[in-house]
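> give me a 3D structure for the following:
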Amino acid sequence: MYSFYIDGNDIKTFMNELIRGESFDRFQVRGCEITTFVTYSIDGRINRDWYEDDKDRYFCTWKELKPYIHNIIKGSKKPKSMKIVLALSEKAAAKIHPNGKACFINIVFEEEKVAVVTGTAQIEFTLNKELDEAWEERVKGFFEKLGITQNSD
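Numbers count the residues shown, from 1 in each chain. Reported below is the predicted structural model:
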């Protein structure tokens, strides 16, 4: 598990990329909670009966959900809080490591700070940390490429 904070001017850069950019579009949304004047709780699981052709996936992508999130948070006041759980597809997680079932990025925006925490799920239990380490390195590189400073406590 790798955790870091985004603060200062990097929050604006990060939120702009998250909401308006394309860097996070391929991630699946496992869950999202946004508190404004009410709390919106979004389950990222697809209602498979809704789609006729697309029954091979279980979660929507950030690209699909992003316009709805943008509509919820736009306005003159910032949300009180946002919690977003993104994940790679199972196929993409297996490319990170053969034992990878899921690779997560947990994003929590509260009190003028953004906390980011990584996580993984394995196909078979093992004490080996290769999956965690490989995912952490990918996430570090991903945020560096975005120009986002990663501040650890």
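
> counting contacts, what elements does the helix ranked longest in the chain pack onto?
As assigned by DSSP state H, the longest helix anywhere in the chain is helix 130-145. Judged by 3 or more C-beta pairs under 8 Å, 6 or more residues apart in numbering; DSSP states H and E, helix 130-145 is in contact with helix 90-96, strand 100-110, strand 113-122. (Each C-beta comes from the backbone N, C-alpha and C, glycine too.)

> do that again at 6 Å, thanks
strand 113-122 (3 or more C-beta pairs under 6 Å, 6 or more residues apart in numbering; DSSP states H and E).

> the inter-axis angle of the strand it packs on versus helix 130-145?
Orientation check (axes from the mean of the first three to the mean of the last three C-alpha atoms, to 10 degrees): strand 113-122 against helix 130-145 gives 150 degrees.

> identify all contacting residues around strand 113-122.
When contacts are defined by C-beta atoms under 6 Å, 6 or more residues apart in numbering, strand 113-122 is touched by residues 1-7, 11, 99, 101-104, 106-108, 131-132, 135-136, 139.

> with just CA atoms, put the helix or strand encompassing residue 33 into CSV.
Element membership for residue 33, per DSSP states H and E: strand 28-35. Output in CSV follows, covering the C-alpha atoms of strand 28-35 (Å, rounded to 0.1, in the frame of the first residue of the first chain):
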residue,chain,number,x,y,z
GLN,A,28,-13.2,1.2,-13.6
VAL,A,29,-15.3,3.0,-11.0
ARG,A,30,-15.8,0.7,-8.0
GLY,A,31,-17.5,3.4,-5.9
CYS,A,32,-17.9,7.1,-5.5
GLU,A,33,-19.3,9.3,-2.7
ILE,A,34,-19.7,13.0,-3.1
THR,A,35,-21.0,15.3,-0.4
